[in-house]
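J.: this one's structure only:
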């Protein structure tokens, strides 16, 4: 579709008429030249000598070319463009960080797969996260793990197959036997520093309690809230466990409440699946839609037509002059 980026330029179209009406005619007051071949010039030009000023009149070709030239100049100034069909792009509107506990207790076989076979807690997490990630096509996902320390596995990306591959490679204890929940939240905060989206979500999954974070959990949650990060916490395993592997439900609830997220307790794989289904409702896929029309500039076409018109006029005028000269020779 043809469009003009500067349509106001067409307001210049009447300018030559205003100049013609409002300015006086040009008069050349130079000295007369005596030429011995004056009669010859009269014959060539076809004009009769007379006293006083002589105003040369343009013929219809010159007038038409002048009007056409000005029209083409104005059209070029209006910057014509050809706008193509709209192109719609969808961009992820949310960054979501998945944080998985890899402490030794995640090796407990107190979950079951679809066939009823006993599997570890980590394997149950992998099974459920596969389906969850498959449904997050509009989100940029990141993956981090924690044990003795927190480690990023993947920064935010729309390459979900890579996230799935890294998830499959996770092993219990590869980050150490401890559970540093506060440091894991601190890592998420640092990773979100490079995020430009307004919707920032963390899903933190653990089966224990904080056992030595350098950053206190409450402080980490407060900073996350200040940064606009929502943290959903998932506690999995037996809530009656005591000792070092005790499931600290109160702390996880505090994290979620402070950041405006949800708290969930998964005692088996079925409940874990329901939790991720509930998270789908709490955090529906969001997309930013960008639409634009590709534009191809066309201003050079009227400029090229202007050059051609003036070259043709020059050729016509030169040919006419030569014919008149030949007729009088």
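T.: Structure received. These numbers come from a predicted model, not from an experiment.
J.: domains in the chain, as residue ranges please.
T.: The record's domain parsing of the chain by automatic domain parsing lists 2-23+35-47+58-85+294-327, 89-289.
J.: distance from the chain centre to the last one, please.
T.: Here the centre of domain 89-289 is set off from its chain's centre by 29 Å, with CA atoms, centre = their mean, to the nearest Å.
J.: what's the most buried one of the domains of the chain?
T.: Of all the domains of the chain, domain 89-289 carries the top mean neighbour count, a mean of 18, counting by mean count of other CB atoms under 10 Å. Every residue, glycine included, has its C-beta placed from N, CA and C.
J.: now mean pLDDT too, for the domains of the chain, in CSV please.
T.: Below are those laid out as CSV (pLDDT from 0 to 100):
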stretch, mean pLDDT
domain 2-23+35-47+58-85+294-327, 82
domain 89-289, 84
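J.: how about the nearest residue to residue 147, chain neighbours excluded?
T.: residue 175 (3.1 Å; CB to CB, 6 or more residues apart in numbering).
J.: that neighbour: what secondary structure?
T.: Following DSSP: H, G, I helix; E, B strand; the rest coil, residue 175 is assigned to coil.
J.: state the distance from it to residue 183.
T.: Distance, residue 175 to residue 183, by CB to CB, to the nearest Å: 11 Å.
J.: what residues does residue 84 make contact with?
T.: For residue 84, the contact set (CB atoms under 8 Å, 6 or more residues apart in numbering) comprises 293-296.
J.: again but with residue 147, I slipped
T.: By CB under 8 Å, 6+ apart, the residues touching residue 147 are 101-103, 173-180.
J.: and those, which is closest to residue 165?
T.: Nearest to residue 165 out of these is residue 174 (CB to CB; 15.3 Å).
J.: what's the helix or strand for the residue of the chain most remote from its centre?
T.: When distances to the mean C-alpha position of the chain are computed (CA atoms, centre = their mean), the maximum falls on residue 36, with 77.0 Å. Assigned by DSSP states H and E, residue 36 belongs to neither a helix nor a strand.
J.: need the pLDDT of residue 26.
T.: If you check residue 26, the pLDDT there is 62.
J.: hey, where'd the helices end up in the stretch 201-329 of the chain?
T.: Assigned by DSSP state H, counting those that start in this stretch, the stretch 201-329 of the chain shows helices spanning 217-226, 249-259, 269-282, 300-327.
J.: repeat for the stretch 1-150 of the chain
T.: Here the stretch 1-150 of the chain has its helices, by DSSP H, counting those that start in this stretch, at 15-22, 38-45, 60-77, 121-134.
J.: just so I know, which of those lies nearest residue 247?
T.: Comparing these under CB to CB, the one sitting nearest is helix 121-134, at 11.4 Å.
J.: just checking, what packs against that closest one?
T.: Helices and strands touching helix 121-134, by 3 or more CB pairs under 8 Å, 6 or more residues apart in numbering; DSSP states H and E, are strand 94-101, strand 111-112, helix 160-168, strand 229-236, helix 269-282.
J.: against which helices or strands is the longest one packed?
T.: Right, helix 269-282. Contact here means 3+ CB pairs under 8 Å, 6+ apart; on that basis helix 269-282 packs against strand 111-112, helix 121-134, strand 229-236, strand 263-266.
J.: how about the shortest one?
T.: In this structure, strand 111-112 makes packing contacts with strand 118-119, helix 121-134, helix 269-282, judged by 3+ CB pairs under 8 Å, 6+ apart.
J.: swap in 7 Å and give it another go.
T.: strand 118-119 (3 or more CB pairs under 7 Å, 6 or more residues apart in numbering; DSSP states H and E).
J.: if we can go back for a sec, the residue nearest to residue 147 is in contact with residue 102, isn't it?
T.: Yes. Residue 175 is within contact range of residue 102, at 4.5 Å (criterion: CB atoms under 7 Å).
J.: what touches both of the two?
T.: Any residue near both residue 175 and residue 102 by CB atoms under 7 Å, 6 or more residues apart in numbering counts here, and that gives 145-147.
J.: in strands, which of these fall?
T.: Among the shared contacts of residue 175 and residue 102, the ones falling in strands (DSSP state E) are 145-146.
J.: how about the shared contacts of residue 175 and residue 102 in TSV, adding distance to residue 194?
T.: Listed next are the shared contacts of residue 175 and residue 102 as TSV, based on distance: CB to CB, whole Å:
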residue	distance to residue 194
145	19
146	20
147	24
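J.: before we move on, the earlier item: adding distance to residue 152, write the helices of the stretch 1-150 of the chain out as JSON lines.
T.: Converted to JSON lines, the helices of the stretch 1-150 of the chain look like this (distance: least, CB to CB, whole Å):
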{"stretch": "helix 15-22", "distance to residue 152": "64"}
{"stretch": "helix 38-45", "distance to residue 152": "88"}
{"stretch": "helix 60-77", "distance to residue 152": "54"}
{"stretch": "helix 121-134", "distance to residue 152": "17"}
